[in-house]
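Undergrad: everything below, folded, please.
(2 chains)
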Amino acid sequence: MSLNIIVLAKQVPDTRNVGKDAMKADGTINRAALPAIFNPEDLNALEQALRLKDANPGSTVTILTMGLPRAAEVIREAIFRGADTGIVLTDRVLGGADTLATSYSLAQAVKKIGNYDIILGGRQAIDGDTAQVGPQIAEKLNIPQVTYAEEILELKDGHVVVKRRLENGVETVKAPLPCVVTVNGSAAECRPRNAKRLMKFKHAVSPSEKAALSPEAQQYVDKRPYLQLKEWGAAFVEADPEQIGLAGSPTKVKNVENVVFTAKENLCLDGKNDGQIEDLIKELITNHTIG
Amino acid sequence: MANFYTDNPDLKHHLTHPMMRKIVELKERNYTDAEKFDYAPVDFDDAMDNYDKVLDIVGDICANTIAPNAEGVDHEGPSVANGRVTYASGTQVNLDACRKAGLMGMSMPRRLGGLNFPITPYIMAADIVSRADTGFENLWGLQDCAETLYEFGSEEQKQKYIPRVCEGETMSMDLTEPDAGSDLQAVMLKATKKEDGTWVLNGVKRFITNGDSDIHLVLARSEEGTTDGRGLSMFIYDKRNGGVNVRRIENKMGIKGSPTCELTYKNAPAELCGDTRMGLIKYVMALMNGARLGIAAQSVGVSEIAYREALQYARERRQFGKAIIEFPAVAEMITVMKTKLDASRTLLYETARYVDLYKAYEDIAKERSLSGDERKEMKLYKKLADALTPLAKGLTSEYCNQNAYDCIQVHGGSGFMKDYACERIYRDARITSIYEGTTQLQVVAAIRHVTTGTYMTLINGYVEQTVEVRPELADVKSNLVAMTEQYQKAVETVLAVNDQTYTDFMARRLVEMAGNIVMGYLLLLDAQRNEAFTRSAQVYNKMGQAEVAKHADFIANFNIDQLDLYKQA
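TA: As a prediction, the model looks like this:
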């Protein structure tokens, strides 16, 4: 059975290697100081998609990413690893979107793609860390969702069986297709870039990237349809201007501050009484130190 | 993300050597493949960009998959049951990553599924892989055997086997036997031609790296009644046919992830590769030359990781209130390690480039006849490659052992414990100066280039390229001229005696002198092109000067009668 698989991917600043200049004085991210990378858990999602493709010859994996035009880098990276094609959803009016506006915009793009069996994405992006976009897209498309996926165990007869990694164990669930599956960082790592695919697709460009090329380079791309990545705008996906970008984002950042954790009080347990440990754990759960 | 290619700018320096233009143009035949293959480059810059980007993949896999697996692979090792080998789990992960990344059959032509990479970037990948896990480099590097299959196999054999190698099937070269190690003329594995014209193999092979591979190149005796190298032929054994079993795997000191197998052949069907009787004298010699270059790359990778581990430890470890790297004795060790690394690496890539040039011409000669000039060039490049290969294998492997030794020394007592990578590096390094011909046998191969003057041809070429040098390198250059005079004098002294035993006795000294001068010039050229190598050029010059003088003194003060002092009953 051949599948149409969509993988949601995001280009994010590499917050795992944060230096002193990672934040600007006004509390916003200094993107210039942080390299833009493929959101790590989206790579885990891509691997699950490529495994489905391996198991179901003839399937196509389409990367969908929203961001600046340079987010086409994420699509190339995914194609080097085995994805078939990709779409950059980019538009000035989409800028400043919170998760609600983002998921609406992406859901519109998914509708435009139309034909899909499963949508995969990372659990969350390392810049916002909300884990909301995947589930919200499922809601907007009115299809089921499986979150915290670690492995797709089976896909057949119109359903998918997924192993979920939860805090207190593992859960295996079954969902009808189409559905949204968001994948955990604990899932299998993504396969490496493939040398031949890299050499074949390294010149793949979106229309706005192509416009910046020399006439000869543009001709080169024109002659090779596989090098032409898609770029869609808000109007093309028929997005309601009220629901996108800053206008469609109810989230307002009031203030960002540095939080330094310091111990304000201390408690010494002598361990003479078994109940002490239980009490301690209860207290830690109550004040959200753990759990 | 960590990356063993991008974190090491020295690699790009060697990749972008001016000679690459010629190599790539020959290898790519004016970029005609671009019409037929969507991953073929359209011009020189495109090709170089491909090498750069693919090496980036190699660096990524090495830093993030292979290196983190190295310790586990060393502990777990492979196992054997029912005649079949199972790799350590980490090895399987590594191989899978290399297959998915398409890093197998890198130098094979595109029509057979390869990447059509020249030897130079392929060898660079080997250098990087070895830094990540020296033992894994063996398994991955055996794709080299495809090179021999491509050179000497029939078109049908190429079509049958090489695409499988490019897809990730592994290879082995089955040469050694219990009584035929360094002396391969003594190989006894029996090849028998059946009535239907097909061949079967019977006998035993020993010390076969990756002996349970998918496709074997086997040296066997096809001519009954013969006892020397002229009775040996090369065969291809396909594991799919069965007939070869692994009797045991060796328990080794190092490169433990690489299974070293004893094989039994029982009526194993095999295909003759090339002509009978040419097995050892032509095909295995070519195979060994490729393998020796591979070991040189492996050695450079060992030197690199040894240097890095020592440097990191010396910066972190504090004694007497400061980092130990601040003590001159430790700093000198680290400096010398880096210098030996740089000297090894520049010799490695110089060798790889000449191999590339002559092989490209040889391959072109299969399609059309070469012009007189081209034939002359090919002959010269082949001679230079033949002279440089044993030099590179011999000297880089010795240097990597020295670097591994010093790496432990820098770690002090901690280095003697199993807690640090340096003890594994030390064990892994040890084999490099032994297999594919010991250093002593590399000297045997190299000495004729001392006596016939090939090294002087090379050196004279370097002199022409260093007529003008930057002022701070002027001393280096004049010292090299003086060292060359000492070398020439020593060669004359030895040849004047005209005694084979005496020449053999002095051979290693002369070969090392030639090596010191060749590497000295190569580092001078590196420093001319890239200031980052200035220090290594200068430090190596100091070392080389002392080494050459030492050997020159020894030879000058030696009387042929004193040979008896070194004889053993």
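Undergrad: quick one: distance of the longest strand along chain A to the chain centre.
TA: The longest strand of chain A (DSSP state E) is strand A:145-156. Its chain's C-alpha centre and that of strand A:145-156 lie 16 Å apart, by C-alpha atoms, centre = their mean, to the nearest Å.
Undergrad: what's the following helix or strand past it packed up against?
TA: Next along the chain after strand A:145-156, taking DSSP states H and E as the criterion, comes strand A:159-166. Packing contacts for strand A:159-166, counted by 3 or more C-beta pairs under 8 Å, 6 or more residues apart in numbering or on different chains; DSSP states H and E, involve strand A:145-156, strand A:169-176, strand A:179-183. Glycine gets a C-beta too; all of them are placed from N, C-alpha and C.
Undergrad: so which of those is the most packed in?
TA: Across the helices and strands packed on strand A:159-166, averaging neighbours per residue (mean count of other C-beta atoms under 10 Å in any protein chain shown) puts strand A:179-183 on top, at a mean of 26.
Undergrad: helix or strand right after that one?
TA: Going down the chain from strand A:179-183, the next helix or strand is helix A:195-201, by DSSP H and E.
Undergrad: and that next one, what other elements does it pack with?
TA: By 3+ C-beta pairs under 8 Å, 6+ apart, helix A:195-201 packs against helix A:72-81, helix B:44-61.
Undergrad: now for the lengthiest strand in chain B, which elements pack on it?
TA: The longest strand of chain B (DSSP E) is strand B:260-273. Here strand B:260-273 touches strand B:199-209, strand B:215-221, strand B:232-238, strand B:244-249, going by 3+ C-beta pairs under 8 Å, 6+ apart.
Undergrad: who are the neighbours in contact with B:Tyr420?
TA: The contact partners of B:Tyr420, by C-beta atoms under 8 Å, 6 or more residues apart in numbering or on different chains, come to B:Glu309, B:Tyr313, B:His411, B:Ser414.
Undergrad: what's the spacing between it and chain A?
TA: For B:Tyr420, the distance to chain A (C-beta to the nearest C-beta, to the nearest Å) stands at 25 Å.
Undergrad: ok, that residue to B:Gly301 distance?
TA: Distance from B:Tyr420 to B:Gly301, counting by C-beta to C-beta, to the nearest Å: 18 Å.
Undergrad: check contacts around the closest residue to B:Ala88 other than its chain neighbours.
TA: Counting by C-beta to C-beta, 6 or more residues apart in numbering or on different chains, B:Ala88 lies nearest to B:Glu76, which is 4.0 Å off, once chain neighbours are set aside. Neighbour list for B:Glu76: B:Ala88, B:Ser89, B:Gly90 [criterion: C-beta under 8 Å, 6+ apart].
Undergrad: can you tell me the closest non-neighbouring residue to the second one?
TA: Going back to what we said before, that points to B:Ser89. B:Glu76 (6.5 Å).
Undergrad: next one: the last one
TA: Nearest residue to B:Gly90, sequence neighbours excluded (C-beta to C-beta, 6+ apart): B:Asn69, at 3.3 Å.
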